[in-house]
Structure formats: C-alpha cells, structure tokens
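> Output the structure for:
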Amino acid sequence: MSGRFPVRPEEFESAFVEKVFAATPGSLRSLTHEPVGTGQVCDSYRFTCDWAEEGHPETFIAKCPSADPVSRGAAAIFHLYDMEVGWYRDIADNCSALCPKSYHADIAENEQEFVLLLEDMAPASQGDQLAGASLVQVETTLAEAAALHNFQPASGFNNLKWLDHGTGNSQFLESSLPTGYPVFRERFSSLLSPEILDLGQELVDRIGSYITHEPPELTVTHGDMRLDNILFHADGRIAALVDWQTCSLGNPANDVAYLIGTSFAVPAERRDQEQRLVRDYLSRRSNAPAFEIFWDEYRRHAFSGFLMAINASLHVEQTERGDRMFAAMAERPAQMAIDLDSLSLL
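Residues are numbered from 1 along each chain as shown. Okay, here's the model as predicted:
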C-alpha cells in the first residue's frame, strides 16, 4: 500500500472509500470487488458498496497498478500511469469528450503506484478488438475524437507537463525499435504474413522520418483509440473513451487513423468508408485543416496502430489473447498503409 492510497484491491479500506465519497464515517457496511476488463498495463476492479445512507454510488471502478512487475516497469518507462491520472485530474471534467467521471485520482512520485476511482459505466461494454467494429461504433467514436481534439484549456497547455510525455516516448521508440523489431518479427511469424512483416522492417528503416515529421496542428490526443479502450451501449453507440494511459499533446490524425485502421476486420469495408469518415470527423472540428492536408496526415499515420502493436507487445506481460490482439492490431493498419501507399510519405 502507498502511504496515501491503496494500490491493490484487498487494500481498499472502508475509511478510505468513505472519505473519497464524503460519506459519514462508518456508513459503508460492506465492500466487495471483482476483476473487470482485459487491460495488460494495469488491473481494474468493480467494487460494490453497501451503504447505510443514500447519495453514494452502489458501484465504482478502481484502476490499480498491474500485479505484473514487467508491466509496471513499462508503465513507468512510458509514464502511462502519470498520463492517465493527469487526464482525469486536470482535463476530463472540462472536456466534452465522453469518459467516465473521476471520483479520485492520485499517483506516487515513482509512477509505479497510483489509484483511480471511476464511474461504473455498466451496462455499457468494451468493444471487441479481435472481432472488429460496426460502422456505428466507428462513427460515434470519431465524433468523440473530434470533441477531444477541439478541447483547449483556458490556461493553455504549458501547465500540463504530463502532456509532453509523448515526445519522450517517441524518442524512445525511435531508438529501441531497430533492436526490438526482430524480436517482434520472430514472435509473430506464424500470425502475420511475410508481406506485413517485410513492411514492418521497411517502416523501422524509415522510423526517423516518421518520428521527426512536424504535424500541421497539435491537440490533446488519446493515443490508443481502439475498441478495447472504448465502451459502447447495446445499440453500438459510444458510451465512453477509457484507458487514457497514452494521452498527450500530439497529431490528431494519429487518433483518427489508429481508430479506423485497427477497427475494420474487413479491409474492403474500411476502404469504402474511410474518406467519408474522415470528412465527417473534420466537419465536427473547430479550426479544422483542409481535407487534403489532413488526408496526407491520415495516410502517414496509418502506421500508428502497427507501431503500437510492436512496441506494446514487447513491453507487457505476454498472453495468448494479447498476442492475437496485437496481431490484429498490426495486420489491419499494415494493410491500410499498403492500400494508402503510406511508405511514400516517409
């Protein structure tokens, strides 16, 4: 347990929860928990509360550091916990993009200990990265992406230092990818085609050009806008964006290309819809760039999902489902990059 807050579900005490919800001491009669979600960087739990008084949530979601030391170490290297706590602490309440309400957010200086208490969005459910998205899931998520990218804090970005972690992470990626990609290639040789694995090597060979490219605009970005990190209502419409562990100041085209590139299980459907989806997204943006300018950025960032799959798979605990998910995350945007001739922009 951290000196200020619990970091494992069994460490949650009634007094801590009562304080978070400004409840009368002793009013929480019982507290139980169960694991939820499939995250590999942190662990999430649904807590059920039995209150002796009204006015407090019956359930909440707690996010805690991963029990796996490898995943915790990766989170510290890439500042993942700091970025998510920063989002909920500093921005979420003032941005119109849909996300769970935060009840409590805290992090230790070592960036390996943190706690988030969030609104339980049930019965909304997580998207299925392996099965792919419906069109309405992509459309409604892009509307929330536009709301996120439109956000401008009243005091500017300078006071939100955690938004700058993305720059350092990009530099780390540039230096580590040449040695990491051969490991990825061997591990996924039975899950990905030689064409896609060869494309990955060409991308690695040009990674410097990809990283150093100056975007035409900078906004707050989610950075990992894929189905596993989105909750949906039963009708397919988005309920909330979750897992803000890669939130930073960046190129908004990265979020758009990442979402579209990783979501469609059938490439033909993505090809049929993507220009319309991009135009619809831009119509919701304030001060949006011209379509032609944004389209080139979108093409360039077709690689974003592929790069995330490579990097993440090398730095989190390996699981069978995780490998299948990372293979899907790599294959779909890689095909998108081939279709859009994205290498020609690097």
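> burial count for R276?
10 (other C-beta atoms under 10 Å). Backbone N, C-alpha and C define where each C-beta goes, glycine included.
> and what of A131?
10.
> Mind checking what secondary structure the closest residue to it other than its chain neighbours has?
Setting aside the residues directly before and after it, A131 is nearest to A265 in space (C-beta to C-beta, 6 or more residues apart in numbering), at 6.6 Å. The three-state assignment at A265 reads coil, by DSSP: H, G, I helix; E, B strand; the rest coil.
> How far away from the center of its chain is stretch 326-339?
Relative to its chain's centre, stretch 326-339 lies at 18 Å (C-alpha atoms, centre = their mean, to the nearest Å).
> Can you list the buried residues in that stretch?
Residues 326-337, 339 are the ones in stretch 326-339 that count as buried (16 or more other C-beta atoms under 10 Å).
> do stretch 40-53 as well
40-47, 49, 51.
> which residues touch the lowest-mean-pLDDT helix or strand in the chain?
Sorting the helices and strands of the chain by mean pLDDT, DSSP states H and E puts helix 69-77 at the bottom, at a mean of 85. With contact meaning C-beta atoms under 8 Å, 6 or more residues apart in numbering, helix 69-77 is reached by 40-42, 65-66, 80-81, 110-112, 172, 245, 315-317.
> what is the mean pLDDT for the helix or strand just after it?
Where DSSP states H and E defines the elements, the next helix or strand beyond helix 69-77 is helix 80-86. Averaging pLDDT along helix 80-86 gives 96.
> Helix 80-86: how far from the chain's middle?
Centroid separation for helix 80-86 versus its chain: 11 Å, with C-alpha atoms, centre = their mean.
> That one - contacts with which helices or strands?
Packed against helix 80-86 by the contact rule (3 or more C-beta pairs under 8 Å, 6 or more residues apart in numbering; DSSP states H and E) you find strand 102-107, strand 114-118.
> strand partners of the following helix or strand past the last one, parallel vs antiparallel please.
Think strand 114-118. With elements assigned by DSSP H and E, the helix or strand that comes after strand 114-118 is strand 125-126. According to DSSP bridges, strand 125-126 forms sheet pairs with strand 230-232 (antiparallel).
> Distance check, A75 against Q275.
37 Å (C-beta to C-beta, to the nearest Å).
> of these two, who's got more company?
Of the pair A75 and Q275, A75 is the one with more neighbours under other C-beta under 10 Å, namely 24 against 12.
> Quick check: that one vs D296, distance?
Using C-beta to C-beta, A75 is found at 33 Å from D296.
> Please enumerate the strands of the chain.
28-36, 42-51, 59-65, 102-107, 114-118, 125-126, 219-221, 230-232, 238-241, 248-250 (DSSP state E).
> closest to E292 out of those strands?
Closest approach to E292 among these (C-beta to C-beta): strand 219-221, 18.9 Å.
> That closest one: partners in the sheet, and parallel or antiparallel?
Sheet partners assigned to strand 219-221 using DSSP bridges are listed as strand 248-250 (antiparallel).
> how about G180, what does it touch?
310-311, 314 are the contacts of G180 under C-beta under 8 Å, 6+ apart.
> Can you check the pLDDT for it?
If you check G180, the pLDDT there is 92.
> swap in E274?
97.
> which residues touch the nearest residue to it once chain neighbours are set aside?
When the adjacent residues along the chain are set aside, E274 lies closest to I260, with 5.5 Å between them (C-beta to C-beta, 6+ apart). The neighbours of I260, taking C-beta under 8 Å, 6+ apart as the test, are 138, 142, 270, 274, 277-278, 336.
> Let's check: the centremost residue of the protein is which one?
Nearest to the geometric centre of the chain sits D224, at 3.1 Å (C-alpha atoms, centre = their mean).
> My read is that that one contacts M308, right?
Yes: assessed by C-beta atoms under 8 Å, D224 is found in contact with M308 at 6.5 Å.
> For Y258, give me its contacts.
Y258 is in contact with 224-226, 301, 304-305, 308, 333, counting by C-beta under 8 Å, 6+ apart.
> would JSON lines of those residues with pLDDT and distance to E195 be doable?
Below are these laid out as JSON lines (pLDDT from 0 to 100; distance: C-beta to C-beta, whole Å):
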{"residue": "D224", "pLDDT": "93", "distance to E195": "25"}
{"residue": "M225", "pLDDT": "96", "distance to E195": "26"}
{"residue": "R226", "pLDDT": "93", "distance to E195": "22"}
{"residue": "H301", "pLDDT": "96", "distance to E195": "20"}
{"residue": "S304", "pLDDT": "93", "distance to E195": "19"}
{"residue": "G305", "pLDDT": "92", "distance to E195": "17"}
{"residue": "M308", "pLDDT": "88", "distance to E195": "20"}
{"residue": "P333", "pLDDT": "95", "distance to E195": "14"}
